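Engineer: coords below, sequence missing:
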């Protein structure tokens, strides 16, 4: 419950991003830790790869549309969200972590071009 209360406060202060994206990022963190079989800190690149994979798993060909509806259009947006969470005690960071680590890691148009992954004709 505390998580959702803090997320509501964050979204109230930074209205660029919808509340749902914060829950998704936390789910992506746990998903990625499980995939990598470890707990604790992830690099920006590791988390972003987990975000990509979980997004495709959950939303399929609609993943980019869902992210865009949450206000997320680039990997840098995920960095802003992560650091909003860090600044509000919902996630941690090392002294070497920065928002810049999330910039330009991948292009949404390239990694979420799902035409070849999902066939609607059965």
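Structural biologist: Yep, it's here. Computed from a predicted structure; not experimentally measured.

Engineer: alpha carbons only for contacts and neighbour counts from here, please
Structural biologist: Fine.

Engineer: Just the mean pLDDT for the helix or strand hosting residue 35, thanks.
Structural biologist: Element membership of residue 35 [criterion: DSSP states H and E] is helix 19-36. The predicted model assigns helix 19-36 a mean pLDDT of 97.

Engineer: Repeat that for stretch 87-99.
Structural biologist: Rounded mean pLDDT across stretch 87-99 is 95.

Engineer: Residue 91 versus the residue nearest to residue 46 when sequence neighbours are not counted, what's the distance?
Structural biologist: Counting by Cα to Cα, 6 or more residues apart in numbering, residue 32 is the residue found nearest to residue 46 once chain neighbours are left out, at 7.4 Å. Separation of residue 32 from residue 91 (Cα to Cα, to the nearest Å) stands at 14 Å.

Engineer: the more surrounded of those two?
Structural biologist: Using other Cα atoms under 10 Å, the more surrounded residue of residue 32 and residue 91 is residue 32, with 22 against 14.

Engineer: Now do the helices in the protein.
Structural biologist: 2-13, 19-36, 44-59, 63-69, 75-87, 108-111 (DSSP state H).

Engineer: Apart from its neighbours in sequence, what residue is nearest the residue nearest the centre of the chain?
Structural biologist: With distances taken as Cα atoms, centre = their mean, the residue of the chain nearest its centroid is residue 25 (4.1 Å). Closest residue to residue 25 apart from its sequence neighbours, by Cα to Cα, 6+ apart: residue 51 at 7.0 Å.

Engineer: Give me the number of neighbouring residues for residue 99.
Structural biologist: For residue 99, the neighbour count with other Cα under 10 Å is 15.

Engineer: show me the contacts for it.
Structural biologist: 76, 79, 80, 83 (Cα atoms under 8 Å, 6 or more residues apart in numbering).

Engineer: okay, now the last one: neighbour count?
Structural biologist: By that I understand residue 83. For residue 83, using other Cα under 10 Å, the count is 19.

Engineer: do the same with the one 10 residues further on
Structural biologist: For residue 93, the tally of surrounding residues (other Cα under 10 Å) stands at 15.

Engineer: contacting residues around it?
Structural biologist: 41, 86.

Engineer: Same check on the one 4 residues further on?
Structural biologist: For residue 97, the contact set (Cα under 8 Å, 6+ apart) comprises 43, 44.
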